[in-house]
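Peer 1: Everything below, folded, please.
(2 chains)
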Amino acid sequence: MRPPPDVVAWANTLVSRRIGDLKKIQRKARKHWRGGEHVHKLRTHARRLRAAVEDLRACIANAQQLIDASKELGQKTGKVRDADVLVRKLRRYRVFALPAERAEIDTVCKPLLKERKAAQKPAKGAVDDVRFKAPK
Amino acid sequence: MKGRQIPLADVRTPNDAMRRIVSVRFAEVLSQAPALRDAKAQPLHDFRIACKRLRYTLELFGDALKECRPAERALVGLQRLLGDAHDCDILLESAQRCNARHLAKRVQRDRERAVRRSQRLWLRSIDRYGAFESLLALTGFGNGQP
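Peer 2: Predicted coordinates for the structure are as follows:
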């Protein structure tokens, strides 16, 4: 059984608003790709959309499609973001570290930077390709 | 940890729906909160995800739940501190893999600090007159009427 029409309409408005916010960031990211900064914004907006759809799932006709699209975007951009966060933390540590620890930090940083570089292309691909359709 | 599905077939108004959704998400947070005691990586991560979910729910309903703003702010703080602890967990793994003992020690210290701060913030928020007071009143969890 579906919830009453006014509850469904209210839920659709809330989810459509989230989709609108996400699409705005997605358009910006497609136009001027700046890697990390856009990835972070996109990921948080995709998570917000997913949370909204999961909350209101009973009212949203294309809930699964929206959840899958947000998941795909999150997964494909995840490595870039994770590497950014960890490298930033390591760089902060490095400022106050003694030489022995600095060498360790550099060793830990290297594979992370490599991973990040490799993950850039799939992340950009997801930003270009993933589509979000507003609920009807 | 997956969020619970919320049945809305029997609600009559958006207000009923909102109250039900917030109650379910808040119940998820409360059920995961004991993770703060042992501070093990996976349960702490699940608690963080539950906090994030509740925060997004409160944000979604925005102005209709103005009285829950302090709870929203406390959740942002918890999420940041628990996120720090989570990053430390990942870094610790990398440091141990690379046999980076000095770094591991520093990361461990940082993790402990983030966990202590999140424990304090949680206790302050859940306490009487704390940031979650309006949330407890809205959901009825504070007076034993869920």
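Peer 1: Go through the chain and flag its longest helix.
Peer 2: No chain in the question, so chain A it is. Identified as the longest helix of chain A according to DSSP state H is helix A:63-95.
Peer 1: let's do chain B instead
Peer 2: Max-length helix for chain B by DSSP H is helix B:69-97.
Peer 1: In three-state terms, how would the residue of chain B positioned farthest from its centre be classified?
Peer 2: For chain B, the residue at maximal distance from the C-alpha centroid (Cα atoms, centre = their mean) is B:N99, at 32.8 Å. Look at B:N99: counting by DSSP: H, G, I helix; E, B strand; the rest coil, its state is coil.
Peer 1: Now it: phi and psi?
Peer 2: phi 60, psi 40 (degrees, to the nearest 10).
Peer 1: Give me the neighbour count for A:A103.
Peer 2: Number of residues near A:A103 (other Cβ atoms under 10 Å in any protein chain shown) recorded here: 13. Backbone N, C-alpha and C define where each C-beta goes, glycine included.
Peer 1: Mean confidence (pLDDT) on whichever strand or helix holds it, please.
Peer 2: Assessed by DSSP states H and E, A:A103 sits inside helix A:99-129. On average, the pLDDT along helix A:99-129 is 92.
Peer 1: Then stretch B:91-104?
Peer 2: Stretch B:91-104 shows a mean pLDDT of 95.
Peer 1: Repeat that for stretch B:28-41.
Peer 2: Mean predicted lDDT for stretch B:28-41 stands at 95.
Peer 1: which residues make contact with it from outside it?
Peer 2: Stretch B:28-41 is contacted by residues B:1, B:3-4, B:43-44, B:46-47, B:50-51, B:53-54, B:85-86, B:89, B:115, B:118-119, B:122, B:126, B:141 when judged by Cβ atoms under 8 Å, 6 or more residues apart in numbering or on different chains.
Peer 1: From A:Q64, how far out is the residue nearest the centre of chain A?
Peer 2: Taking Cα atoms, centre = their mean, the centroid of chain A lies closest to A:R43, which sits 1.5 Å from it. According to Cβ to Cβ, to the nearest Å, A:R43 stands 20 Å off from A:Q64.
Peer 1: Cool, thanks, signing off.
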